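Asks: For reference, the sequence and a predicted model appear below.
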Amino acid sequence: MQQLEALTREARELAAPGARAEMGTDAGAREQVIRFAPLQQMQPMTPHETEVARQMQICNACRYCEGFCAVFPAMTKRLSFAKADVNYLANLCHNCGACYHACQYAPPHEFAVNVPQAMAQVRLDTYTEYAWPRAFGALYKRNGLTVAFALALGLASFIALGAVLGGSAFGSAIAGGNFYAIFPHNVLAALFGAVFLFAMLALGVGVTRFLRDISTGEATPGALAEAAHDALTLKYLDGGHGDGCNEADDRFTLARRRFHHLTFYGFMLCFAATAVATLYQYAFGLEAPYPLLSAPVLLGTVGGVSLLAGASGLLWLNLRRDPARTDLRQRPMDRAFIALLIMTSASGLALLAWRETSAMSALLAVHLGAVMALFATMPYGKFAHGIFRSAALVKAAIERRTAKAPATAAD
Ligand code: SF4
Ligand code: SF4
């Protein structure tokens with residue numbers, strides 16, 4: 001009880017005029033370093049991190065939102081919030097908005113608690129900070145709709161030009177819709193393999209840096225299984241009560257969880273279609289195009305429809321979301337990723353529908369351009385959220401098994 005009173009007193013002090021960190025501009029926020037002793041244990045913190053630490057002190061005294069998501073139980077294991085704690089908690093948050101819509105201390109209250117927005121600001125900073133190569137970190141802030149479309153259409157034009165100059169049958173209808181007559185399989189495999197491997201390497205290095213900094217501890221099979229379950233079921237998008245999270249207002253909705261599931265599993269089915277087609281090609285010597293009822297086409301069709309429906313739904317929710325609880329700097333990045341998913345799935349389905357017509361080669365170039373742009377921007381866009389969040393869920397699962405008393409990430 002005494003501890004709770006002390007925390008409440010600290011929260012009031014932090015909310016007092018002058019105690020809140022001055023938030024820098026987008027350009028200068030990262031460089032401005034604040035020391036906030038003793039609460040932040042003299043660790044250098046950015047203004048965004050300091051703001052999350054301030055709000056977590058208030059939440060730790062209040063604890064009203066404890067059942068909403070994984071962030072608040074992890075918060076209660078700490079009495080103070082160092083840089084690593086803040087980065088970990090920020091990536092555990094998925095901006096469902098439940099705590100903002102429930103909060104009695106949200107603006108215009110003097111405490112000005114807006115956890116989803118504060119967490120979102122730190123999340124973007126962590127992607128930038130852990131990016132590999134580091135110089136590419138700035139791409140997170142430049143990765144917008146214009147860049148996505150320009151990259152996809154530029155790559156499509158480049159691919160089409162290569163096919164024309166290579167003397168292929170570009171622009172002609174090909175019996176059976178054999179697109180390897182336009183782009184040889186080996187060329188496609190080499191091009192996409194290189195871009196995909198770079199994307200995986202960049203994401204892998206980035207998330208390894210993040211995991212090292214937040215000190216996960218030993219990942220037991222049980223902890224890994226629990227984290228995988230929580231990530232794959234999107235457990236915390238049910239709001240902790242099963243009715244879902246908030247979007248435009250105080251009403252709960254499961255729409256975000258369902259659209260996320262359609263998007264993720266649609267993407268995985270499309271990926272499986274490509275993997276099975278590769279197996280057919282190299283292991284069994286069966287060359288594309290495959291019949292409509294073959295495994296690669298069925299997986300790709302179901303995956304494409306699911307991906308298109310999910311990504312369109314996420315775009316619709318993104319356009320309606322209450323801007324007060326988001327980090328507006330992330331909007332271009334969020335929408336660019338969704339737009340590339342829509343472009344990839346729509347062009348893939350169109351390619352299947354018109355694969356035996358003269359439009360096939362142009363549709364194929366657009367589809368390949370979209371897929372390549374999606375992979376190329378993956379490490380520097382919204383896709384990183386899924387990777388960093390999964391890593392944070394692993395730490396949360398480990399902590400649930402090991403942390404007996406309030407701890408810090410440095411422990
Ligand atoms: S978000 Fe608001 S209501 Fe929820 S725990 Fe924090 S201070 Fe309390
Ligand atoms: S926005 Fe949602 S996920 Fe993030 S801290 Fe609040 S309740 Fe948790």
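Replies: It's in. Ligands and ions are numbered 1, 2, ... in the order given.

Asks: so how far is stretch 133-144 off the chain centroid?
Replies: 15 Å (Cα atoms, centre = their mean, to the nearest Å).

Asks: Quick check: which ranges of the chain have low pLDDT?
Replies: Scanning the chain for pLDDT under 70 picks out 1-43, 137, 140, 143, 403-411.

Asks: residue ranges of the strands in it, please?
Replies: 245-246, 252-253 (DSSP state E).

Asks: what helices or strands is the first one leaning on?
Replies: Counting contacts by 3 or more Cβ pairs under 8 Å, 6 or more residues apart in numbering; DSSP states H and E, strand 245-246 is packed against helix 98-102, strand 252-253. (C-beta placed from N, C-alpha, C; glycine too.)

Asks: Please see if that strand touches ligand 1.
Replies: No. Applying Cβ under 6 Å from any ligand atom, one finds strand 245-246 separated from ligand 1 by no less than 12.5 Å.

Asks: residues near Thr344, how many?
Replies: 27 (other Cβ atoms under 10 Å).

Asks: Neighbours of the residue nearest to it when sequence neighbours are not counted, how many?
Replies: Counting by Cβ to Cβ, 6 or more residues apart in numbering, Thr344 lies nearest to Ala370, which is 4.5 Å off, once chain neighbours are set aside. Neighbour count for Ala370, taken as other Cβ under 10 Å: 27.

Asks: What distance do you get for Ala370 to Val52?
Replies: According to Cβ to Cβ, to the nearest Å, Ala370 stands 36 Å off from Val52.

Asks: Show me how this protein divides into domains.
Replies: Per automatic domain parsing, the structural domains of the chain span 2-132, 134-203+234-386.

Asks: Next, format the helices and strands packed on strand 245-246 as CSV and append distance to ligand 2 and mean neighbour count.
Replies: Formatted as CSV, those follow (distance: least, Cβ to the nearest ligand atom, whole Å; neighbours: other Cβ atoms under 10 Å):
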stretch, distance to ligand 2, mean neighbour count
helix 98-102, 3, 22
strand 252-253, 12, 17
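
Asks: These into JSON lines, with extra columns for distance to ligand 1?
Replies: Formatted as JSON lines, these follow (distance: least, Cβ to the nearest ligand atom, whole Å):
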{"stretch": "helix 98-102", "distance to ligand 1": "4"}
{"stretch": "strand 252-253", "distance to ligand 1": "16"}
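
Asks: Rebuild those as a markdown table, extending it with distance to Val394.
Replies: Output for the helices and strands packed on strand 245-246, formatted as a markdown table (distance: least, Cβ to Cβ, whole Å):
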| stretch | distance to Val394 |
| --- | --- |
| helix 98-102 | 22 |
| strand 252-253 | 28 |
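
Asks: now for the strands of the chain, which one comes closest to Phe375?
Replies: Nearest of the strands of the chain to Phe375, taken as Cβ to Cβ: strand 245-246 at 29.3 Å.

Asks: can you list the residues that contact that closest one?
Replies: 96-98, 100-101, 237-239, 252-253, 256-257, 322 (Cβ atoms under 8 Å, 6 or more residues apart in numbering).

Asks: before we move on, what about stretch 132-151?
Replies: 26, 124, 127-131, 201-202, 205-206, 209, 329, 332-333, 335-337, 339-340, 343, 369, 373, 376-377, 379-381, 384.

Asks: now with 7 Å?
Replies: 124, 127-129, 131, 202, 205-206, 329, 332-333, 335-336, 339-340, 373, 376-377, 380-381 (Cβ atoms under 7 Å, 6 or more residues apart in numbering).

Asks: ok now it, how far from the chain's centre?
Replies: How far stretch 132-151 lies from its chain's middle: 14 Å, per Cα atoms, centre = their mean.

Asks: Also stretch 217-231?
Replies: Worked out by Cα atoms, centre = their mean, stretch 217-231 lies 19 Å from the chain centre.

Asks: C-alpha coordinates for it, CSV please?
Replies: Extracted C-alpha coordinates of stretch 217-231, given in CSV (Å, rounded to 0.1, in the frame of the first residue of the first chain):
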residue,chain,number,x,y,z
GLY,A,217,16.8,-14.5,-20.7
GLU,A,218,16.6,-18.2,-21.5
ALA,A,219,14.0,-19.1,-24.0
THR,A,220,12.6,-22.5,-22.9
PRO,A,221,10.5,-24.6,-25.3
GLY,A,222,7.4,-23.7,-23.2
ALA,A,223,8.1,-20.0,-23.5
LEU,A,224,8.6,-20.2,-27.2
ALA,A,225,5.5,-22.2,-27.7
GLU,A,226,3.4,-19.8,-25.6
ALA,A,227,4.8,-16.8,-27.6
ALA,A,228,4.1,-18.5,-30.9
HIS,A,229,0.6,-19.3,-29.8
ASP,A,230,0.0,-15.7,-28.7
ALA,A,231,1.4,-14.3,-32.0
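
Asks: What residues of that stretch count as buried?
Replies: Across stretch 217-231, burial judged by 16 or more other Cβ atoms under 10 Å covers 217, 223, 226-227, 230-231.

Asks: and that stretch, anywhere near ligand 2?
Replies: No. Stretch 217-231 lies apart from ligand 2 when judged by Cβ under 6 Å from any ligand atom; the minimum separation is 12.1 Å.

Asks: Check the burial of the residue nearest to Phe192 when sequence neighbours are not counted by counting its neighbours.
Replies: In space, and not counting its chain neighbours, Phe192 is closest to Met372: 6.7 Å by Cβ to Cβ, 6+ apart. When neighbours are defined as other Cβ under 10 Å, Met372 has 24 of them.
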